[in-house]
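Visitor: all I have is the shape, not the residue letters:
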């Protein structure tokens with residue numbers, strides 16, 4: 001089973017949608033909250049080049065945000081990523 005890491009905030013509706021989609025797939029999501037942790041926010045920006053949340057990693061692959069995750073699902077490619085071992 002893949003390892004899911006999501007940079008998130010406490011009030012982000014896209015973060016909620018991403019987590020819900022992944023949980024529906026039977027996945028456990030590890031969240032790093034960046035809304036009150038400037039160091040974590042800077043780290044997220046440094047490793048992704050993006051300033052918005054969520055930023056989702058499946059294993060060590062940066063998937064992107066919720067729209068990117070949903071696009072993988074629509075294309076039928078998300079399940080294969082989630083099936084890859086950590």
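Guide: Everything's here; your move. If you're wondering where the values come from, they're calculated on a predicted model, not measured in any experiment.
Visitor: mean confidence for stretch 8-21?
Guide: Averaging pLDDT along stretch 8-21 yields 97.
Visitor: buried stuff in that stretch?
Guide: Of all the residues in stretch 8-21, those buried under the rule 16 or more other C-beta atoms under 10 Å are 8-9, 12, 14-15, 18-19, 21. All C-beta spots, glycine's among them, are computed from the backbone N, C-alpha and C.
Visitor: check stretch 63-76 too.
Guide: The neighbour-count check on stretch 63-76 (16+ other C-beta under 10 Å) flags 63-66, 69, 72-73 as buried.
Visitor: that older thread, columns distance to residue 35 and secondary structure on top of the buried residues of stretch 8-21, output as TSV?
Guide: Shown next, in TSV, are the buried residues of stretch 8-21 (distance: C-beta to C-beta, whole Å; DSSP: H, G, I helix; E, B strand; the rest coil):
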residue	distance to residue 35	secondary structure
8	8	strand
9	4	coil
12	8	coil
14	13	helix
15	10	helix
18	16	helix
19	15	helix
21	21	helix
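Visitor: so which residues make contact with stretch 31-48?
Guide: Residues from elsewhere that reach stretch 31-48 (C-beta atoms under 8 Å, 6 or more residues apart in numbering): 5-11, 15, 19, 50-51, 53, 55, 62.
Visitor: meant to ask about stretch 50-70
Guide: The contact list for stretch 50-70 (C-beta under 8 Å, 6+ apart) reads 2-9, 12, 14-15, 17-19, 21-22, 34, 44-45, 47-48, 72, 78, 81-82, 84, 86.
Visitor: switch the cut-off to 6 Å
Guide: Contacts to stretch 50-70, defined as C-beta atoms under 6 Å, 6 or more residues apart in numbering, come from residues 2-9, 12, 14-15, 17-18, 44-45, 48, 81, 86.
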